[in-house]
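Asker: I would like to see how this sequence folds:
(one chain, ligands or ions: 1)
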Amino acid sequence: MDVHRISEELENLAPEQALETVLMANHSARICLTSSFQAEDMVVTHLLRNRRPDFVVLFLDTGYHFRQTYEYRDLMTKQWSLNLVNALPAQSVAEQESELGILYRSEPTRCCQLRKVEPLMSALEPFDIWFTGLRREQSPTRRNLKKVELHRLPTGRSLWKVSLLADWNWEQVWQYANANAIPHLPQYDEGYLSIGCQPCTALPSDPQNPRSGRWGGTKLECGIHTFSTQEET
Ligand code: SF4
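Answerer: Below you'll find the model as predicted:
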């Protein structure tokens, strides 16, 4: 399958048609979506739910999320009958803090590695297609995102990474969410634009960069979108 060609083809398609094209090219693929239950993830969840309700929602349960995020996750999982898998780190928050201290302050990259990247690496193994809610507009680090990329996991397995909303802007996300009466995380009403673990999420300092409120502006990515290797096609 020519991933480069299909990605080009998807570039001019709306998310619904792009999803159809991906699924037609992968009839019996095992499908997952990584979701932090942010607005983009809920749009992709809504799209997938209509078309392939058996897909798995992978939530990286770091133990550091906002209480409101856990409550919203549980509410939407129940309301939409989602196949939720909470990908857990090897250690609980208490065990990690007791052994290594408060890593999100001293070594946030290591903290993300232990609590997000490693659990995700294992969680992705059974799947053929990994959907995301990533958008190019979200961050300078995502500017070159393709709608379909071929990614190699550390074990050597390759899978498609599909970002149906890559070319969408923030307004389009909210138009879709509102048109389909999708509830949203309550933190958006407080002014947050990008919502992850509570200790590493603040109101954005640069309105042009929604992720500028993450990690106090010291980094833009946790590593879950950079640990796998994008294969040249
Ligand atoms: Fe740790 Fe912060 Fe990364 Fe969450 S976002 S895993 S709390 S460093």
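Asker: ok, the closest residue to Tyr188 other than its chain neighbours to Ala90 distance?
Answerer: The shortest distance from Tyr188 to any residue other than its chain neighbours is 7.0 Å, reached at Ala39 (Cβ to Cβ, 6 or more residues apart in numbering). Just so you know, the C-beta spots here come from the backbone N, C-alpha and C atoms, and that holds for glycine as well. When distances are taken as Cβ to Cβ, to the nearest Å, Ala39 and Ala90 turn out to be 30 Å apart.
Asker: just Asp167 next, same as before
Answerer: For Asp167, the distance to Ala90 under the criterion Cβ to Cβ works out to 37 Å.
Asker: More neighbours: those two, which one.
Answerer: Each of Asp167 and Ala90 has its neighbours counted (other Cβ atoms under 10 Å); Asp167 has more, 19 against 11.
Asker: Who are the contact partners of that one?
Answerer: Counting by Cβ atoms under 8 Å, 6 or more residues apart in numbering, Asp167 makes contact with 11, 135-136, 147.
Asker: Most widely separated two among these?
Answerer: The widest separation within the contacts of Asp167, taken as Cβ to Cβ, falls between Glu11 and Arg135 and amounts to 13.8 Å.
Asker: quick one, which of the two is more surrounded?
Answerer: Neighbours per residue (other Cβ under 10 Å) separate Glu11 from Arg135, with Arg135 holding more: 21 against 13.
Asker: ok, now which ones touch that one?
Answerer: Neighbours of Arg135 in contact, by Cβ under 8 Å, 6+ apart: 40, 142, 145, 163, 165-169, 173.
Asker: give me that answer again for 7 Å
Answerer: When contacts are counted by Cβ atoms under 7 Å, 6 or more residues apart in numbering, Arg135 touches 40, 142, 165-166, 168.
Asker: Where is pLDDT lowest across those?
Answerer: Lowest pLDDT of the contacts of Arg135: Arg142, 85.
Asker: Run through the residues that contact that residue.
Answerer: Residues counted as contacts of Arg142 (Cβ under 7 Å, 6+ apart) are 134-136.
Asker: Out of the residues you listed, name the ones that lie in helices.
Answerer: Among these, none falls in helices (DSSP state H).
Asker: Show me which of these is closest to the ligand.
Answerer: For those, the residue nearest the ligand by Cβ to the nearest ligand atom is Leu134; the value is 16.5 Å.
Asker: can you pull the contacts of the residue lying closest to the closest one once chain neighbours are set aside?
Answerer: Computed as Cβ to Cβ, 6+ apart, the closest residue to Leu134 that is not its neighbour in sequence is Ser163, at 4.4 Å. Listed by Cβ under 7 Å, 6+ apart, the contact set of Ser163 reads 132, 134, 145, 147.
Asker: Who wins on neighbours among the residues you listed?
Answerer: When neighbours are taken as other Cβ under 10 Å, the top entry among the contacts of Ser163 is Lys147 (25 neighbours).
Asker: Can you give me the separation between it and Gln113?
Answerer: Lys147 sits 27 Å away from Gln113, going by Cβ to Cβ.
Asker: And what about Ala29, helix, strand or coil?
Answerer: Of the three states, Ala29 takes coil under DSSP: H, G, I helix; E, B strand; the rest coil.
Asker: Pull up the gap between the nearest residue to it once chain neighbours are set aside and Asn50, please.
Answerer: Closest residue in space to Ala29, ignoring its immediate chain neighbours: Asp128 at 4.0 Å, by Cβ to Cβ, 6+ apart. Distance, Asp128 to Asn50, using Cβ to Cβ: 20 Å.
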